[in-house]
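> Here you go, sequence then predicted model.
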Amino acid sequence: MGVLKEKDRQKLIGVFKDIQKDVRMVMFTQETECQHCEMTRMMLEEVSGLSDKLSLEVHDFAAEADLAKKYGVDKIPAIVLLGDRDYGIRFYGVPAGYEFNVLIQDIMDVGKRNPGLSKEVMTELAKVDQPVHMQVLISPT
């Protein structure tokens, strides 16, 4: 039995038809999976199977520490979303509940290569001339 409900799978198949370009999901776990790693991996396997524009790579956090470091991944489970380049999008922990919707929207944005921001906002963002580290922390409560 899968992680996703059938009605959700069907809805995602329809939503993913709007993906224009390939999206690579890179997940980091470990051989003896952490508490939420297995569920995250199973979810991503299902999601990646819903569109030919989506692919999934699963890497061992400990055995492939150099690759994890390359992506700036320092904890697991971790998901890196990639398109033509690395946009800096990372998810840590299982993206369940409302966070699942955020994951899907981020996949769509990467697949369209368009963050959905106005020209004015993009113009202001282009003025940022140094790295910015942003984190959004959530709680199930």
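That came through fine. Numbers count the residues shown, from 1 in each chain.
> what secondary structure does the residue nearest the centre of the chain sit in?
The residue lying closest to the centre of the chain (CA atoms, centre = their mean) is Leu81, at 4.3 Å. Judged by DSSP: H, G, I helix; E, B strand; the rest coil, the three-state class of Leu81 is strand.
> gap between it and Asp106?
The gap separating Leu81 from Asp106 is 6 Å, by CB to CB, to the nearest Å. Where C-beta positions appear, they are placed from N, C-alpha and C, glycine not excepted.
> Over to Val58?
With CB to CB as the criterion, Val58 and Asp106 are 18 Å apart.
> give me the low-pLDDT residue ranges for the protein?
Judged against pLDDT under 70, the low-scoring parts of the chain cover residues 1, 139-141.
> picking up where we left off before, contacts only, for the residue nearest to the centre of the chain.
Neighbouring residues of Leu81 by CB atoms under 8 Å, 6 or more residues apart in numbering: Val23, Arg24, Met25, Val26, Tyr87, Ile89, Arg90, Phe91, Asp106, Ile107, Val110.
> Please identify the buried residues of the helix or strand harbouring Asp66?
Under the criterion of DSSP states H and E, Asp66 resides in helix 65-70. Along helix 65-70, these residues count as buried under the neighbour rule (16 or more other CB atoms under 10 Å): Leu67, Ala68.
> Distance from it to the middle of the chain?
17 Å (CA atoms, centre = their mean, to the nearest Å).
> that older thread, which non-adjacent residue is nearest the residue nearest to the centre of the chain?
Distances taken as CB to CB, 6 or more residues apart in numbering put Ile89 closest to Leu81, at 4.2 Å, once the chain neighbours are dropped.
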